[in-house]
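> Everything below, folded, please.
(chains A and B)
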Number of protein chains: 2
Amino acid sequence: METLALPPQATQVGLAVDVAAFAMHGGELQVLLVQRGELPHARAWALPGGFVHPGEDLHEAALRELRTETSVTLEPRHLEQFYTFGAPGRDPRGRIVSVAHLAVLAHGAVDVTGGGHTLGAGWFPAHRPPALAFDHAAILTRALGRLRVRLEYAHLALEFLSDTFTLPELQRVHEAILDRPLDKRNFRKRLLAQGLLVASGERRSGVGRPAQLYRRAKGARAAAL
Amino acid sequence: METLALPPQATQVGLAVDVAAFAMHGGELQVLLVQRGELPHARAWALPGGFVHPGEDLHEAALRELRTETSVTLEPRHLEQFYTFGAPGRDPRGRIVSVAHLAVLAHGAVDVTGGGHTLGAGWFPAHRPPALAFDHAAILTRALGRLRVRLEYAHLALEFLSDTFTLPELQRVHEAILDRPLDKRNFRKRLLAQGLLVASGERRSGVGRPAQLYRRAKGARAAAL
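You can find the predicted model right below:
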């Protein structure tokens, strides 16, 4: 059996994950942040994240950090790795590479209290967050870009909603991600043409005319690569 | 000034990049491979790649490895990071994380001779490659998936061609990436409806009727996130 070791030219780096977790609250797209309890950037807000454990996969590490640092108990409806940030100098402690993940949590109240080394956790407007530690503002910006791309060609917007939803609810998700209002008529026409939705046959009563409820079409493909 | 160091819980890993570089040759989608000259997997074919240098950015490292290991001198038309492979055990030398990149080289003959620690380099059918070292078969599969997604909503296919091209040439790129034939009439209709192309006004003579030449529409957006 040959003995193998890391060759001397292998740059050793710290391996971390960070998670941009989004949910809709009050018609607004919000991102989950934690307040750091440690140097560097102590007391600053940051995306939940931390070092990958030995023997742990990247996806596992992202789930673990999301749960322990924010106390979120909901399973993410969607979790994908979207970009790896590895510029030298992005962390003052040494070279640390962060594999950034995008998470979508379902509609509804999601209590967070913080945990792990954090001082607390909270939901913030995704497009207008507070100042963030490290390069987390750039990570959040890129996560929002990925969300926008997912709107165009995959059904990721549906993951923000309950299993059945009205078209105005879905339009609000799109508007919240794009951070601009959309024309109702064009939105309906384009969405229904994509074949991602089917009418559930039920209606939801509320103010005014009961709204048609929709659900995801069977076979509507998941968010692609 | 506070002194900062990597905390003890920071898993130290080797940081690498690998590059799946594609080009069209003879109407076929091909991928650029190198023959490894070192353990592990000595003599096996692999994607070009290697360790990131200290102080070097990921994108820079991908370009450097592509150039030095294959002797390709052409600038890639497109180079994007697409996924990071970090499963424990993917490399027998220790924990090595690879930030995988996708490159597209322009149409035309691209000579490769190998370099660096490789025994040689060559172009291979992307959908039917030889056995590959490490988890490079999985990296290649995911790169092909990303290429397919790019076909649907961005103009990445155009990067495989010259500045002007005929619709049959573009259809051949799509077919080569999808690894299946497409209906000519539907393809033309769909492509022209996307508004990515404009007729150049010129025609290319050849066998049969001279073919209309197209070019990329100004403002056609680049491959998105």
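
> ok, and does the helix or strand hosting A:Ala16 reach over to chain B?
Assessed by DSSP states H and E, A:Ala16 sits inside strand A:12-25. Yes. Using CB under 8 Å from any CB of the partner chain, strand A:12-25 reaches chain B at A:12-16. No exception for glycine: its C-beta is placed from N, CA and C like everyone else's.

> Can you give the strand pairings for that strand, parallel or anti for each?
strand A:28-36 (antiparallel), strand A:49-51 (antiparallel), strand A:96-104 (parallel), strand B:12-25 (antiparallel) (DSSP bridges).

> What are the buried residues along that strand?
If you call a residue buried by 16 or more other CB atoms under 10 Å in any protein chain shown, then strand A:12-25 has these buried ones: A:12-25.

> how about that strand as PDB, C-alpha atoms only?
Provided in PDB are the C-alpha atoms of strand A:12-25 (Å, rounded to 0.1, in the frame of the first residue of the first chain):
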ATOM      1  CA  GLN A  12      -3.700  24.600   3.700                       C
ATOM      2  CA  VAL A  13      -6.800  26.600   4.400                       C
ATOM      3  CA  GLY A  14      -9.600  26.800   6.900                       C
ATOM      4  CA  LEU A  15     -12.800  25.400   5.500                       C
ATOM      5  CA  ALA A  16     -16.100  27.100   6.400                       C
ATOM      6  CA  VAL A  17     -19.700  27.200   5.200                       C
ATOM      7  CA  ASP A  18     -22.100  30.200   5.300                       C
ATOM      8  CA  VAL A  19     -25.800  30.100   4.800                       C
ATOM      9  CA  ALA A  20     -28.000  32.800   3.300                       C
ATOM     10  CA  ALA A  21     -31.500  31.600   4.500                       C
ATOM     11  CA  PHE A  22     -34.500  33.400   3.200                       C
ATOM     12  CA  ALA A  23     -38.200  33.400   4.000                       C
ATOM     13  CA  MET A  24     -41.200  35.600   3.300                       C
ATOM     14  CA  HIS A  25     -42.500  37.600   6.300                       C
END
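
> what mean pLDDT would you report for it?
The pLDDT scores in strand A:12-25 average 94.

> swap in stretch A:201-210?
80.

> swap in stretch A:150-165?
Rounded mean pLDDT across stretch A:150-165 is 83.

> Between the two ends of that stretch, how far is it?
One end of stretch A:150-165 sits 19 Å from the other (CA to CA, to the nearest Å).

> now swap in stretch A:111-127 and tell me
End-to-end for stretch A:111-127, by CA to CA: 20 Å.

> quick one: that stretch near chain B?
No. Using CB under 8 Å from any CB, stretch A:111-127 stays clear of chain B, coming no nearer than 9.7 Å.

> A helix includes A:Ala176, no?
Yes. Using DSSP: H, G, I helix; E, B strand; the rest coil, the assignment for A:Ala176 is a helix.

> A:Asp111 and A:Ser71 touch, don't they?
Yes. When contacts are counted by CB atoms under 8 Å, A:Asp111 is listed as touching A:Ser71 (7.5 Å).

> neighbour-wise, which of those two wins?
Between A:Asp111 and A:Ser71, A:Ser71 has the larger neighbour count (other CB atoms under 10 Å in any protein chain shown), namely 18 against 11.

> tell me the strands in chain A, going along the chain?
A:12-25, A:28-36, A:45-46, A:49-51, A:78-85, A:96-104, A:118-125, A:197-204, A:211-216 (DSSP state E).

> how is chain A carved up into domains?
Following automatic domain parsing, chain A resolves into domains at A:14-152, A:155-216.

> Can you tell me which of these is packed in deepest?
Stretch with highest mean neighbour count among the domains of chain A: domain A:14-152 (a mean of 19; mean count of other CB atoms under 10 Å in any protein chain shown).

> I figured A:Arg188 hits A:Thr166, correct?
No. Counting by CB under 8 Å, A:Thr166 is not a contact partner of A:Arg188; they are 11.0 Å apart.

> one step back: so can I have CSV of the residues of strand A:12-25 next to chain B showing distance to A:Val198?
Below are the residues of strand A:12-25 next to chain B laid out as CSV (distance: CB to CB, whole Å):
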residue, distance to A:Val198
A:Gln12, 52
A:Val13, 48
A:Gly14, 47
A:Leu15, 43
A:Ala16, 41
